[in-house]
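Student: return a 3D structure for these sequence lines:
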Amino acid sequence: MPRVIANTQSSSASLEETIDAVANGFDPRDRRSTVDAAAALERLANNRGFLADLLIEQLRERHRDIFEDSAYGPQAIVLSPLVAGCFLRANIWPSEDESCFRASGAESFVYGIPHDHNFDFLTVGYFGPGYRSDYYEIDYEEIAGFRGEDVGLRFVERSALTEGKLMHYRAHVDVHSQLPPETTSVSLNIMHIDAGQDWFDQYGFDLGNRRVDRVLNPGASETFMRCAVALGDDEAQDLAEHFGRNHPSTRMRLACFEARSGLLDNAQARDALWREAEQAGDLMLAREAQARRAEIHV
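Tutor: Sure thing, here's the model as predicted:
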């Protein structure tokens, strides 16, 4: 489960002071960097009025201030720009009694969707009883990533992110299935962003069968490829064929075969294409290709 970090800070800090404190970034591979960033986040959490003051000010200014670039959403509030590979964020977690929960449903707030993360982050309970989670761990390197793959999910515990509780969620290790808090709650995060993280899959899991259910972070490059091929450009077709055989990302290779398959108007041609993918020398691609061939022959 995420590593619980002991509370060490009795003083509080402003948002501006916290941004300055993490200006050199948060490196999850460096214990000292992690401890220092956690201490800065704890001092911010000790400031009981900063978030309410910030929200009131932004409402008065109608979001015309420094957070105007899509910083606000129904759940996440970005509190700082991306600097040295990290940024600050607040998350609002509604209870089942909230109208927004009833209107949007649990999945809109990632409740009941077991998942890992392809990034590290620090979090602290800021307000309320906190969301609850069933925590698991995985061996990411052992996962190929095809739908229905059996994975060794190891249950650890169920616990809540209570006020003041500090935790380090580890990329590709910690899995959690979140449950709504008893009453509205807020958490604060320091997010670590790595330049290459989008090429590493973030998975959703089927807990009942201990299997991979889906990939949760499709990349922009995959979408661009599908669009380019669908528009009928010969150069895009050539690139899709090349990437399908040679791209270092298996997910990108799969997207190339999916894009090409979408242009084929008969089952025999699609079957031949997916047979090619099945024999491309990659386990994830082979299993996905087998599933596509099975769908053709139903």
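Student: just to be sure, S10 is in a strand?
Tutor: No - counting by DSSP: H, G, I helix; E, B strand; the rest coil, S10 is located in no strand; its state is coil.
Student: excluding chain neighbours, what is closest to L79?
Tutor: L88 (4.0 Å; Cβ to Cβ, 6 or more residues apart in numbering). The C-beta positions use only the backbone N, C-alpha and C, and glycine is treated the same way.
Student: ok, S177 next?
Tutor: P114 (4.0 Å).
Student: could you measure from that neighbour over to S187?
Tutor: 18 Å (Cβ to Cβ, to the nearest Å).
Student: and the two? which has more neighbours close in?
Tutor: Using other Cβ atoms under 10 Å as the criterion, P114 and S187 rank with S187 on top: 23 against 20.
Student: got phi/psi on the more buried one?
Tutor: With angles defined as degrees, to the nearest 10, S187 sits at phi -120, psi 150.
Student: from what I see, it and N91 are in contact.
Tutor: Yes - between S187 and N91 there is a contact at 4.9 Å, judged by Cβ atoms under 8 Å.
Student: check the residue nearest to D198 when sequence neighbours are not counted and give its pLDDT.
Tutor: Leaving aside its chain neighbours, D198 sits nearest to G219 (5.1 Å; criterion: Cβ to Cβ, 6+ apart). If you check G219, the pLDDT there is 80.
Student: now do the one 3 residues further on
Tutor: For E222, the pLDDT comes out at 92.
Student: the one 5 residues further on too?
Tutor: What the model reports for C227 is a pLDDT of 93.
Student: so it sits in a helix?
Tutor: Yes - according to three-state DSSP, C227 belongs to a helix.
Student: so what's the residue count around it?
Tutor: By the criterion of other Cβ under 10 Å, C227 has 12 neighbours.
Student: which SSE is immediately downstream of the one helix or strand S221 maps to?
Tutor: Element membership of S221 [criterion: DSSP states H and E] is helix 220-230. Per DSSP H and E, the first helix or strand lying C-terminal to helix 220-230 is helix 234-246.
Student: picking up where we left off before, flag every buried residue along the helix holding S221.
Tutor: S221, E222, M225, R226, A228, V229 (16 or more other Cβ atoms under 10 Å).
Student: so what's the second one closest to, chain neighbours aside?
Tutor: Which is E222. Residue nearest to E222 in three dimensions, not counting chain neighbours: A255, with 3.9 Å by Cβ to Cβ, 6+ apart.
Student: how about the last one?
Tutor: Spatial nearest neighbour of V229, excluding adjacent residues (Cβ to Cβ, 6+ apart): A259 at 3.8 Å.
Student: relative to I193, how far out is the residue nearest in space to the middle of the chain?
Tutor: In the chain, the centroid-proximal residue (Cα atoms, centre = their mean) is H117; its distance is 4.8 Å. Going from H117 to I193 by Cβ to Cβ gives 12 Å.
Student: can you count the residues close to G196?
Tutor: Neighbours of G196 (other Cβ under 10 Å): 7.
Student: any chance of the backbone angles for it?
Tutor: According to degrees, to the nearest 10, G196 has phi -100, psi 10.
Student: before we move on, what about D174?
Tutor: Torsion angles, degrees, to the nearest 10, at D174: phi -90, psi 130.
Student: on that earlier part again, just the mean pLDDT for the helix or strand containing the residue nearest to L79, thanks.
Tutor: Following DSSP H and E, one finds L88 within strand 86-93. Here strand 86-93 scores 96 as its mean pLDDT.
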